[in-house]
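Participant: A predicted structure for the sequence below; I have some questions about it.
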Amino acid sequence: MSLLSPVWTALLYLAAAVFFILALRGLSSPRTARRGNLIGAFGALLAVVTVFLSARLENIPWILGAIAVGSAVAAPVARRVKMTQMPQLVALFNGVGGGAAALVALLELAHTGDAWVRVAVAFTLLVGAVSFAGSGITFAKLQELMTTRPVVFRGLPLLMGAVLVTAVGTAIAVVLSASIPVALVLLTLGLVAGVLLVLPVGGADVPIVISLLNAFTGLAVAASGLVLGNVLLVVAGTLVGASGTILTRAMAAAMGRGVAGILFGAFRGGSTAGSTAVSERPVRSSSPEDVAVLLGYAQRVIIVPGYGLAVAQGQHTAAELALALEARGIQVDFAIHPVAGRMPGHMNVLLAEANVPYESLKEMGEINPEFKTADVALVVGANDVVNPAAKTSPGSPIYGMPILEVDHARQVVFLKRSMRPGFAGIENQLMYEPQTTLLFGDAKDSLAKVLGAVKAL
């Protein structure tokens, strides 16, 4: 017997949907992102409680046990994950969501006689399986459990096309027959399609595919809502699908590429791919003391954070350095590229963690005209997002990608661990220019040494 009337159930679902929309609104800005997360979590809690109070549930001990086991596993993992591993965590969460939607649809197939519901079942099976398998490959690539380079082989486009055509035919068979064995074949084809979809993607394109797969999961969840007759699942899934699609397009635009080029560019050599190639060309390197002099006697400094800063966990030291320079009357800003790090907002969250004021974080469109007024551009662990090849080399895999124009600054200082290229696997010509100085070493250690030298001036 349910404890809530249909009217109260509908009202509580409506409230949860409103909380989800407010959560997305909050996540649109670093200043309100934390509040948005809390609002979204409360909306999810309200939705779960509403289900328990309104539905006639069986096997409640098993349900509560599954929730307890999931919470016991997820909470410690989420607390221990490093900021540099956040995209991998997002990929795992996304994949689990798609897989769960597919399994729910599979179980419901035997209990429905409505043809339109079976259409939703087939859609959920296929798209959920693609999301699950594809997210697993993106996790493996980012975690470096497999190569980050595109994996292509002769006949891959034909194989992918054959799998998709067969999957569509099998989906039609599921709708017509409602057969569980046929549904299992469709599920398998979806898993194969997910793997084949992501294998040709490499390097800096992987986080964009995570966002695309997140949209797939949202669509699968929305379809599973149709299968279960649950309006809130339809609303929540649609929100995730829409926001994931918008984010995918925004990230692709920030890379200066189309989504189709990201997914299939490796077939014609156009995908960004990691590389271990190291140039032997000479560069001008410097000491922390020399860099401190450049910074300490400048009037305007722009700091450009990248993935190397996140890996070294040097955000707090970077914030201290900015404060030390500002104490000397120097104007300091942080230039944020939309895809710096491994996901949108990566650098914003990292620097907010170090209490860098939001006013000091300048987006690419705002800060680019100001580089020409900067005495020093301090690049900490970034490479591809400041590489002039994106503007000057038509054959480059990053050609056309909007970049932070650090080459317009009077002096450029790169803090790098080595001369290894960035995720795109290409050299940065700016490192060999006369106005550029390199300081080699771990970003956190190098920043600490520069900070000490600045304070000693």
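Facilitator: Arrived safely, thanks for sending. Numbering: from 1, shown residues only.
Participant: what's the neighbour count on the residue nearest to K455 when sequence neighbours are not counted?
Facilitator: Distances taken as Cβ to Cβ, 6 or more residues apart in numbering place A324 nearest to K455, at 5.9 Å, with adjacent residues excluded. For the C-beta atoms, the positions are set from N, CA and C on the backbone; glycine is no exception. Per other Cβ atoms under 10 Å, the neighbour tally for A324 reads 20.
Participant: dump the residue contacts of A324.
Facilitator: For A324, the contact set (Cβ atoms under 8 Å, 6 or more residues apart in numbering) comprises 451, 454-455.
Participant: so how many other residues sit close to the spatially closest residue to R31 that is not a sequence neighbour?
Facilitator: Distances taken as Cβ to Cβ, 6+ apart place Y358 nearest to R31, at 5.4 Å, with adjacent residues excluded. Neighbour count for Y358, taken as other Cβ under 10 Å: 11.
Participant: pLDDT wise, what is Y358 at?
Facilitator: According to the prediction, Y358 has pLDDT 84.
Participant: how close does it get to T188?
Facilitator: Distance, Y358 to T188, by Cβ to Cβ, to the nearest Å: 48 Å.
Participant: now L404
Facilitator: 45 Å.
Participant: out of the two, which sits in the more crowded spot?
Facilitator: It is L404, of L404 and T188, that has more neighbours when counted by other Cβ under 10 Å, with 24 against 16.
Participant: Would you confirm that the more buried one contacts K362?
Facilitator: No: contact between L404 and K362 fails when scored by Cβ atoms under 8 Å: they sit 9.7 Å apart.
Participant: Which residue ranges of the stretch 301-450 of the chain form strands?
Facilitator: In the stretch 301-450 of the chain, the strands defined using DSSP state E, counting those that start in this stretch lie at 331-336, 361-363, 376-380, 411-416, 436-440.
Participant: Could you do the stretch 101-250 of the chain as well?
Facilitator: Counting by DSSP E, counting those that start in this stretch, the stretch 101-250 of the chain contains no strands.
Participant: where does it dip in pLDDT?
Facilitator: For the stretch 101-250 of the chain, the stretches flagged by pLDDT under 70 are 203-204.
Participant: cool, the stretch 251-400 of the chain as well?
Facilitator: Those would be 255-257, 261-262, 264-281, 342, if you go by pLDDT under 70 across the stretch 251-400 of the chain.
Participant: In contact with A456, which residues are there?
Facilitator: A292.
Participant: Equivalent analysis for F440, please.
Facilitator: Contacts of F440 by Cβ under 8 Å, 6+ apart are 285, 416-418, 446.
Participant: any idea which of these is closest to E320?
Facilitator: Of all the contacts of F440, S446 has the smallest distance to E320: 13.2 Å, by Cβ to Cβ.
Participant: wait, doesn't the closest one sit right on L439?
Facilitator: Yes: if you go by Cβ under 8 Å, S446 and L439 touch, sitting 5.3 Å apart.
Participant: More neighbours: those two, which one.
Facilitator: S446 (24 against 21).
Participant: Need the pLDDT of that one.
Facilitator: 92.
Participant: dump the residue contacts of the nearest residue to D445 once chain neighbours are set aside.
Facilitator: Closest residue in space to D445, ignoring its immediate chain neighbours: A312 at 7.6 Å, by Cβ to Cβ, 6+ apart. With contacts defined as Cβ under 8 Å, 6+ apart, A312 is in contact with 381, 442-445.
Participant: repeat that with 7 Å
Facilitator: 381, 442-444 (Cβ atoms under 7 Å, 6 or more residues apart in numbering).
Participant: Which of the residues you listed fall within helices?
Facilitator: With helices taken from DSSP state H, the overlap with the contacts of A312 comprises 443-444.
Participant: hmm, back to that, what touches both of S446 and L439?
Facilitator: In contact with both S446 and L439: 288, 415, using Cβ under 7 Å, 6+ apart.
Participant: Helices along the stretch 301-450 of the chain, start to end?
Facilitator: Secondary structure of the stretch 301-450 of the chain (DSSP state H, counting those that start in this stretch): helices located at 307-312, 315-327, 346-353, 364-367, 389-392, 443-455.
Participant: Can you name every helix or strand that the longest helix along the chain contacts?
Facilitator: Determined from DSSP H, the single longest helix within the chain is helix 115-142. The contact analysis (3 or more Cβ pairs under 7 Å, 6 or more residues apart in numbering; DSSP states H and E) places helix 115-142 against helix 86-109, helix 156-177, helix 180-198, helix 206-228.
Participant: ok so, going back, find residues that contact each of L404 and K362.
Facilitator: A335.
Participant: re earlier: highest mean neighbour count across the helices of the stretch 301-450 of the chain, which stretch is it?
Facilitator: helix 307-312 (a mean of 24; mean count of other Cβ atoms under 10 Å).
Participant: how far is that one from where the chain is centred?
Facilitator: 16 Å (Cα atoms, centre = their mean, to the nearest Å).
Participant: Kindly report the same for stretch 166-182.
Facilitator: 33 Å.
Participant: do stretch 334-344 as well
Facilitator: 11 Å.
Participant: so how many other residues sit close to the residue nearest to G134 when sequence neighbours are not counted?
Facilitator: Beyond its immediate neighbours in the sequence, the residue positioned closest to G134 (Cβ to Cβ, 6+ apart) is G194, lying 3.7 Å away. Close neighbours of G194, defined as other Cβ under 10 Å, add up to 27.
Participant: Equivalent analysis for the one 3 residues further on, please.
Facilitator: In terms of burial, L197 registers 23 neighbours under the definition other Cβ under 10 Å.
Participant: so what's the nearest residue to it once chain neighbours are set aside up against?
Facilitator: Of all residues not flanking L197 in the chain, G134 sits nearest, at 5.4 Å (Cβ to Cβ, 6+ apart). Each residue near G134 by Cβ under 7 Å, 6+ apart is listed here: 194, 197-198, 213.
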